[in-house]
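1. Give me coordinates for this.
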Amino acid sequence: QIFLEDSLFKSGLKPAMDPGISVSRVGGAAQVPIIKKLGGGIKTALAQYRELEAFAQFASDLDTATQQQLARGERLTELLKQGQYKPLSVVQQIISLFAGVRGLVDDIPVADIQKFESGLLNFMEDKHQALIDKIAEAKKLDDDSESQLTAAIEEFRGLFKN
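-> Model prediction:
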C-alpha cells in the first residue's frame, strides 16, 4: 500500500509517497542489495525528519543534534527528487544515496543539492568510470569501493565549492 501526501506533492516531492506509513509486499525483495543497505536508514531518517520539521516550526531553540538531523533530512529529500523522464541508473542511485547517507552533502546548501547531484554524477562518469563499472559489476560496495567513492565525492565537493 502506498500512501501519498498532499503536502509532499506541493513541496515538489514526486512521487509524494509517505515512506513512514507506506508498505510493500515486494519492496526489499526487488531491490539490489546495495540499495537495500543504503536505503535502510533513509526511511527512519525521513520519518524522524518529518516529525522534527513539524516540531521545529514551534520551537525557537533547537540543539545541535536536532539541527543536524533537520539539515540532513532536507538534503536527503532533495536527493530523492527526480525529474520527470529523468530516470537514474542503479549506480547513479547508489552514488547519490551514498553521498546523502554518509553526510557528504550536509554542508551543501539545500538550494544547490540538485545541481550538486547532477554535477557529481557527470563528474563520476567523466573521471571515475572504472569505479562506476566496478560497482555496477559487483552490485555491492566493499571497503575499497567505499573509500574510493568517498574520495571521489570529496574531490568533487572541493571543485563544487570553488
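2. next SSE after the helix or strand that residue 133 is a member of?
-> Using DSSP states H and E, the element containing residue 133 is helix 129-138. Note on helix 129-138: by DSSP H and E, the next helix or strand toward the C-terminus is helix 143-161.
3. Show me what that following helix is packed against.
-> helix 90-101, helix 113-127, helix 129-138 (3 or more C-beta pairs under 8 Å, 6 or more residues apart in numbering; DSSP states H and E). For every residue, glycine as well, the C-beta is placed using N, CA and C.
4. Put the alpha carbons of it into PDB.
-> Taking C-alpha atoms only, helix 143-161 is exported to PDB below (Å, rounded to 0.1, in the frame of the first residue of the first chain):
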ATOM      1  CA  ASP A 143      35.600  -1.400   1.800                       C
ATOM      2  CA  ASP A 144      37.900  -0.500  -1.100                       C
ATOM      3  CA  SER A 145      35.000   0.800  -3.200                       C
ATOM      4  CA  GLU A 146      33.500   2.700  -0.300                       C
ATOM      5  CA  SER A 147      36.800   4.500   0.300                       C
ATOM      6  CA  GLN A 148      37.300   5.200  -3.400                       C
ATOM      7  CA  LEU A 149      33.700   6.500  -3.700                       C
ATOM      8  CA  THR A 150      34.100   8.700  -0.600                       C
ATOM      9  CA  ALA A 151      37.400  10.100  -2.000                       C
ATOM     10  CA  ALA A 152      35.800  10.800  -5.400                       C
ATOM     11  CA  ILE A 153      32.800  12.600  -3.800                       C
ATOM     12  CA  GLU A 154      35.200  14.600  -1.600                       C
ATOM     13  CA  GLU A 155      37.200  15.600  -4.700                       C
ATOM     14  CA  PHE A 156      34.000  16.800  -6.400                       C
ATOM     15  CA  ARG A 157      32.900  18.700  -3.300                       C
ATOM     16  CA  GLY A 158      36.200  20.600  -3.500                       C
ATOM     17  CA  LEU A 159      35.500  21.500  -7.100                       C
ATOM     18  CA  PHE A 160      31.900  22.300  -6.500                       C
ATOM     19  CA  LYS A 161      32.600  24.700  -3.700                       C
END
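5. And the helix or strand harbouring residue 67, what's buried?
-> For residue 67, the element it lies in under DSSP H and E is helix 64-80. Using 16 or more other C-beta atoms under 10 Å as the test for burial, helix 64-80 gives 69, 70, 71, 72, 73, 74, 75, 76, 77, 78, 79, 80.
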